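Q: from the sequence below, what's the structure:
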Amino acid sequence: DHRTDVTRRLRFTAAGENASDNKYFEDFRSGVEGTSVTHLERRARLEWLGRGLRVQALVQDFQVIDERIDPLDRPYARLPSIGAKGRWPLGGGLQAELDGEAAYFDRNAGVTGARLDLSPRLSLRLGGAGWFVSPSVAWSYAGYALDDLAPGEDESPSVNAPIVAVDAGLVFDRDATADGRLTQTLEPRVLYTYIPFREQSGLPVFDSGLPDLDLVQLFRSNRYVGGDRLGDANQLAWGVTSRLLQTASGRQFLAATVGQKVYFESPRVTLEGEEPERRASSDVVGELELNAYRNWSVRLATQFDTDASSTVFSRFGVQYRAGRDKVANIGYRYRAGRIAQWEASAAWRLS
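A: Next up is the predicted model:
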C-alpha cells in the first residue's frame, strides 16, 4: 500500500495483494468475511485535484483465487481508465457539473473493449430557512468500441437519454423539552425523476450492478451503479427523517428515517437475471441511529416488502466505545433465505 503526494494537487497511490494459492484465506483468515475472499485487487492511481475539478488515471487488475467462479463472471481489468469530475458554481444557485470516464475493459473470456461515458448536469438550488427545491437536467451518454463479439453483433453500440429530476425538502423543528435543551426535527423529502426508456439489452456489462435499496440509493436518479446501464424512471421517492438534538451543541441523540419509491410507470431496463419490477411501489426502507446514553450507540437498518409482509434485509449493531482505543461491538445481519449471522468484535488496550 503506497501513497505519494507529488505536489499539493498531484497524488499517486498504489495498492496490491497476491495470494500464493487459492486456499490461503480459508487456512489463515477467520470469520465469514475473511474466509470468503474470492479475488484480490491490484491498482495504481494518479489523481490531480484542481479547483472544482478532479482528474484521475487508473490501472486496475484482479487475482481470482476462487477457481469455481465462471470465467464469464470474473471482474474486468481496467487497462487503463481516465476519468474526470467537475463542479462549477455559476451564481444565483445555478451549478454546472460534469462526470466522465474513458476506459478499456479486458478479460480472458467474453466481450472486451472500450467505453466512453459522459454525464453533463445543470442544477438550480433554491432555498431558505427550513426548505429547499433543486431542479436539475442532465444528459447521459455511453458509447462502446467492442472486441471478441459473436458474428453479426454491433461493435459500436451506444445509448443516451435525458435525466430530469426535482429534489425538494422541508425542515420543521420544535422544543422537545420544556426547558428547550432538546430540539426535535421533522424532515420530509421527495425526489421526482424522469428518464425515458432506452433499449440496452445489447450493451455489455463491464462494471454495472444493482445495489441494495437503502436511503442513499433511494435518492439516486439512476438505480444502477457503473456506466453500462441507465435505468428508465418515472417515479417519486419519498422519505421522512426525525432527529433529536441537543439544542446548544447540535449533538445528535436520535435519528430515524423511513422511505420508499412510488412508480408511475414500471421500470423496463434490467440486467441479465434481474426480475422486472411489477409493483406500484418499492420495498420500504428504514434506518435508526441512537446515541442517547454516554458511550453506547445503536444502529438498525431494514428493508421490508409490504406486498409479502416480510423482511427482505435487516442489520442491527450495538457499540460501546469507552475511548479512542477501547471499543466493543455486537451485530446481526439477516437476508431472507440466504443469511442469518451474529458477529462480535472488540479492541481494548490493556496497558
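Q: contact partners for the residue nearest to residue 77 when sequence neighbours are not counted?
A: The spatially closest residue to residue 77, leaving aside those adjacent along the chain, is residue 61, at 4.3 Å (Cβ to Cβ, 6 or more residues apart in numbering). To be clear about C-beta, it is placed using only N, CA and C from the backbone, and glycine gets the same treatment. Contact analysis of residue 61 by Cβ atoms under 8 Å, 6 or more residues apart in numbering lists 41-43, 77-79.
Q: columns neighbour count and distance to residue 176 on top of those, output as JSON lines?
A: Below are the contacts of residue 61 laid out as JSON lines (neighbours: other Cβ atoms under 10 Å; distance: Cβ to Cβ, whole Å):
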{"residue": "41", "neighbour count": "12", "distance to residue 176": "47"}
{"residue": "42", "neighbour count": "15", "distance to residue 176": "52"}
{"residue": "43", "neighbour count": "15", "distance to residue 176": "48"}
{"residue": "77", "neighbour count": "19", "distance to residue 176": "54"}
{"residue": "78", "neighbour count": "20", "distance to residue 176": "50"}
{"residue": "79", "neighbour count": "14", "distance to residue 176": "56"}
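Q: which ones among these lie within strands?
A: Among those, the members found in strands (DSSP state E) are 41-43, 77-79.
Q: who does the nearest residue to residue 80 once chain neighbours are set aside form a beta bridge with?
A: Leaving aside its sequence neighbours, residue 80 sits nearest to residue 59 (Cβ to Cβ, 6+ apart; 4.7 Å). Beta-bridge pairing for residue 59 (DSSP bridges): residue 44.
Q: any idea how far the one helix or strand residue 194 maps to is from the chain center?
A: Using DSSP states H and E, residue 194 sits within strand 182-195. Strand 182-195 sits 19 Å away from the centroid of its parent chain (Cα atoms, centre = their mean, to the nearest Å).
Q: buried set for it?
A: Within strand 182-195, the residues that qualify as buried are 182-183, 185, 187, 189-195, counting by 16 or more other Cβ atoms under 10 Å.
Q: and the helices in the protein, which stretches?
A: Using DSSP state H, the helices of the chain run over 24-28, 31-35, 215-218.
Q: weakest of those helices in terms of mean pLDDT?
A: Mean pLDDT values for these show the minimum at helix 31-35, a mean of 62.
Q: low-confidence regions, the stretch 201-350 of the chain specifically.
A: Within the stretch 201-350 of the chain, the segments meeting pLDDT under 70 span 292.
Q: sorry, back to before: helices and strands around the strand holding residue 194, which ones?
A: Counting contacts by 3 or more Cβ pairs under 8 Å, 6 or more residues apart in numbering; DSSP states H and E, strand 182-195 packs against strand 158-170, strand 172-175, strand 233-246.
Q: can you do 10 Å?
A: Packing partners of strand 182-195 (3 or more Cβ pairs under 10 Å, 6 or more residues apart in numbering; DSSP states H and E): strand 131-147, strand 158-170, strand 172-175, strand 233-246, strand 252-263.
Q: average pLDDT for it?
A: Taken as a whole, strand 182-195 has a mean pLDDT of 97.
Q: with just CA atoms, put it into PDB.
A: What follows is strand 182-195, C-alpha atoms only, in PDB (Å, rounded to 0.1, in the frame of the first residue of the first chain):
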ATOM      1  CA  LEU A 182     -33.500  19.300  23.300                       C
ATOM      2  CA  THR A 183     -34.900  20.000  19.800                       C
ATOM      3  CA  GLN A 184     -36.800  17.600  17.600                       C
ATOM      4  CA  THR A 185     -36.900  17.900  13.900                       C
ATOM      5  CA  LEU A 186     -39.200  16.600  11.200                       C
ATOM      6  CA  GLU A 187     -37.600  16.500   7.700                       C
ATOM      7  CA  PRO A 188     -39.700  15.300   4.800                       C
ATOM      8  CA  ARG A 189     -38.000  15.000   1.400                       C
ATOM      9  CA  VAL A 190     -39.200  14.000  -2.100                       C
ATOM     10  CA  LEU A 191     -37.300  13.300  -5.400                       C
ATOM     11  CA  TYR A 192     -39.100  13.100  -8.700                       C
ATOM     12  CA  THR A 193     -37.100  11.500 -11.500                       C
ATOM     13  CA  TYR A 194     -37.900  11.100 -15.200                       C
ATOM     14  CA  ILE A 195     -35.600   9.100 -17.500                       C
END
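Q: so what strands line up beside it?
A: Under the criterion DSSP bridges, strand 182-195 sits next to strand 158-170 (antiparallel), strand 172-175 (antiparallel), strand 233-246 (antiparallel) in its sheet.
Q: tell me the angle the longest one makes with strand 252-263.
A: Spelled out, it's strand 233-246. Orientation of strand 233-246 against strand 252-263 (axes from the mean of the first three to the mean of the last three Cα atoms, to 10 degrees) gives an angle of 170 degrees.
Q: next, the buried residues of strand 233-246.
A: Residues of strand 233-246 classed as buried: 233, 235-241, 243-245 (neighbour count, 16+ other Cβ under 10 Å).
Q: returning to that earlier point: residue 166: which of the buried residues of strand 182-195 is nearest?
A: Ranked by distance to residue 166 (Cβ to Cβ), the buried residues of strand 182-195 are led by residue 192 at 4.8 Å.
Q: correct me if wrong: that closest one contacts residue 133.
A: No: Residue 192 is beyond contact range of residue 133, at 11.1 Å (criterion: Cβ atoms under 10 Å).
Q: since we're on residue 200, how many residues are nearby?
A: Residues lying near residue 200 (other Cβ atoms under 10 Å) number 22.
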